[in-house]
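Trainee: The amino acid sequence is not available; the structure is as follows:
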């Protein structure tokens with residue numbers, strides 16, 4: 001009875017907040033998206049600028065991506081719709097052509113009088129954003145891609161042993177020796193600084209996407225000193241769990257194909273990274289993150305914090321050897337959990353433990369900016385130009401009620417087969433036969449891998465290829481699948497019903 005009362009009060013508050021107008025003094029938005037970035041780092045690693053943003057803002061500590069793959073996640077964030085609504089699970093289609101002419105975050109700002117800018121990797125480049133980063137619909141000006149971006153896959157990593165330049169995973173570099181004598185994120189920062197330094201009569205929406213720590217782990221060599229190898233730790237569980245369904249495993253082919261990792265001859269698909277290399281990769285990942293943290297500190301020094309909302313997040317996380325996995329491509333916390341930080345003028349800093357989703361960013365920004373606040377919730381098949389699959393987080397920012405009320409995160413990942421093969425990480429749409437749907441509550445992660453028809457976009461819950469349940473109170477590393485343990489049967493049944501109800505909405 002008491003919980004029902006709390007829920008009623010909360011819903012009334014949420015409705016009132018949805019009708020409220022934003023602070024008229026807040027005009028601009030800076031949207032920072034980092035590629036493949038997990039946060040917080042190991043306790044021995046410091047990212048002072050992002051940590052400062054978290055301490056001075058609204059920090060959602062349990063935020064999850066909708067799919068742990070760049071293009072589907074970014075399209076989902078920027079349209080406020082789930083991958084199933086966009087029918088995008090790979091890199092090879094454009095949502096306006098495949099699903100509907102859906103409005104994006106920058107497009108809505110542009111349509112409401114803002115100048116909109118894209119710098120670096122915001123939309124995923126290529127066919128998934130129509131080879132234009134969705135210009136001119138989303139952006140006032142032609143999106144900027146740094147000139148040195150074209151060298152991102154070149155053999156520019158000097159091997160420690162041979163001295164030859166290779167396409168390595170671990171790639172600390174001397175910037176002056178690189179093609180163009182720079183790096184993409186340095187050039188993006190400079191371009192964004194120039195935008196922020198301009199005097200203008202209109203409000204602006206600036207999105208800047210930093211490439212690192214996406215592979216290859218290429219960053220200025222000096223950052224290795226900031227992350228000494230002796231302070232880096234091995235994951236608690238570096239092996240594949242015995243009770244992990246085979247369909248949940250992915251063979252991290254983009255890591256294996258790098259020259260330095262390929263030379264290790266790790267058996268496919270279940271081989272484990274040698275401990276020495278696990279430490280080296282973790283060190284370089286955090287060195288690259290430290291590099292980006294410095295660039296964010298510089299960027300923030302140019303932001304007028306009295307009239308600008310700043311949002312910082314990532315498209316998804318990145319596994320660093322936990323349970324034997326690397327990279328993204330899964331439904332585990334390591335691949336899905338990301339930072340979500342709002343710095344909002346006049347808002348009291350706050351950390352929030354409640355699980356939220358990246359699709360929540362769009363309706364939250366609309367509320368904060370006072371733009372068309374009463375946008376409807378999407379239906380399962382909804383071709384309207386503008387609706388939201390996520391929910392407005394402003395009530396959570398202000399809430400004085402218990403935060404456990406009906407919040408959870410839904411994620412998904414496709415597979416071409418039950419057992420891992422070379423295409424398991426990134427299956428093309430026509431090859432998808434299985435979809436793993438996952439629900440994350442404050443305590444549990446529950447996942448069902450079910451039959452999926454990639455032509456009709458239908459799912460069959462009666463055909464399952466694996467079921468997982470992880471209890472974060474006892475197992476934060478998601479190493480022990482407790483689905484088959486009798487004492488968890490009731491919670492598994494409850495979460496299964498909740499998951500199916502949400503996916504079918």
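Mentor: Noted; the coordinates are in hand. Fair warning: this is a prediction, and the values are worked out from it, not measured in the lab. Residues are numbered from 1 along each chain as shown.
Trainee: what kind of secondary structure is residue 76 in?
Mentor: What DSSP: H, G, I helix; E, B strand; the rest coil gives for residue 76 is helix.
Trainee: That one - nearest residue in space that isn't next to it in sequence?
Mentor: Take residue 76 and drop its neighbours on the chain: the residue closest to it by C-beta to C-beta, 6 or more residues apart in numbering is residue 66, 4.5 Å away. Where C-beta positions appear, they are placed from N, C-alpha and C, glycine not excepted.
Trainee: Which helix or which strand is home to that neighbour?
Mentor: Take DSSP states H and E as the rule and residue 66 turns out to sit in neither a helix nor a strand.
Trainee: Show the model's pLDDT score for it.
Mentor: Turning to residue 66, the model gives it a pLDDT of 98.
Trainee: and it, what is it in contact with?
Mentor: 72-73, 76-77, 82-83, 357-359, 410-412 (C-beta atoms under 8 Å, 6 or more residues apart in numbering).
Trainee: go again using 10 Å as the cut-off
Mentor: Residue 66 makes contacts with 72-73, 75-77, 81-86, 315-316, 336, 357-359, 389-390, 409-413, as judged by C-beta atoms under 10 Å, 6 or more residues apart in numbering.
Trainee: Tell me what the closest residue to residue 175 other than its chain neighbours is bridged to.
Mentor: Nearest residue to residue 175, sequence neighbours excluded (C-beta to C-beta, 6+ apart): residue 220, at 5.4 Å. Note on residue 220: beta-bridge partners by DSSP bridges are residue 173.
Trainee: I'd say residue 220 and residue 292 touch.
Mentor: No - if you go by C-beta atoms under 10 Å, residue 220 and residue 292 don't touch, sitting 11.1 Å apart.
Trainee: Which one's more surrounded, the two?
Mentor: residue 292 (24 against 19; other C-beta atoms under 10 Å).
Trainee: what's the spacing between residue 222 and residue 371?
Mentor: Separation of residue 222 from residue 371 (C-beta to C-beta, to the nearest Å) stands at 42 Å.
Trainee: Look at these two and report which has more neighbours.
Mentor: Set side by side, residue 222 and residue 371 show more neighbours around residue 371, with 17 against 13, by other C-beta under 10 Å.
Trainee: residues in contact with residue 272?
Mentor: So residue 272 contacts 238-240, 266, 278, 321, 324-325 (C-beta under 10 Å, 6+ apart).
Trainee: mind putting these in a markdown table, secondary structure included?
Mentor: Below are the contacts of residue 272 laid out as a markdown table (three-state DSSP):
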| residue | secondary structure |
| --- | --- |
| 238 | coil |
| 239 | coil |
| 240 | coil |
| 266 | coil |
| 278 | helix |
| 321 | coil |
| 324 | helix |
| 325 | coil |
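Trainee: List buried members of those by neighbour count.
Mentor: By neighbour count, with 16 or more other C-beta atoms under 10 Å, the contacts of residue 272 hold 238, 240, 266, 278, 321, 324-325 as buried.
Trainee: and those, which two are the farthest apart?
Mentor: Greatest spacing in the buried ones among the contacts of residue 272, by C-beta to C-beta: 240 and 278 (13.9 Å).
Trainee: what's the overlap in contacts for these two?
Mentor: By C-beta under 10 Å, 6+ apart, the residues touching both residue 240 and residue 278 are 272, 324.
Trainee: Run through the strands of the stretch 301-450 of the chain in chain order.
Mentor: 308-314, 319-320, 326-327, 337-343, 350-352, 356-357, 409-415, 434-440, 444-453 (DSSP state E, counting those that start in this stretch).
Trainee: if I read this right, residue 60 contacts residue 39, doesn't it?
Mentor: No - counting by C-beta under 10 Å, residue 60 does not reach residue 39; the two are 11.1 Å apart.
Trainee: quick one, which of these two is more surrounded?
Mentor: Using other C-beta under 10 Å as the criterion, residue 60 and residue 39 rank with residue 60 on top: 28 against 23.
Trainee: next one: phi and psi at the more buried one?
Mentor: Dihedral angles of residue 60 (phi, psi; degrees, to the nearest 10) stand at phi -90, psi 110.
Trainee: What is the burial count for the closest residue to it other than its chain neighbours?
Mentor: Using C-beta to C-beta, 6+ apart and skipping the chain neighbours, the partner closest in space to residue 60 is residue 340 (4.2 Å). As a burial measure, residue 340 scores 27 neighbours (other C-beta under 10 Å).
Trainee: Good, we can wrap up now.
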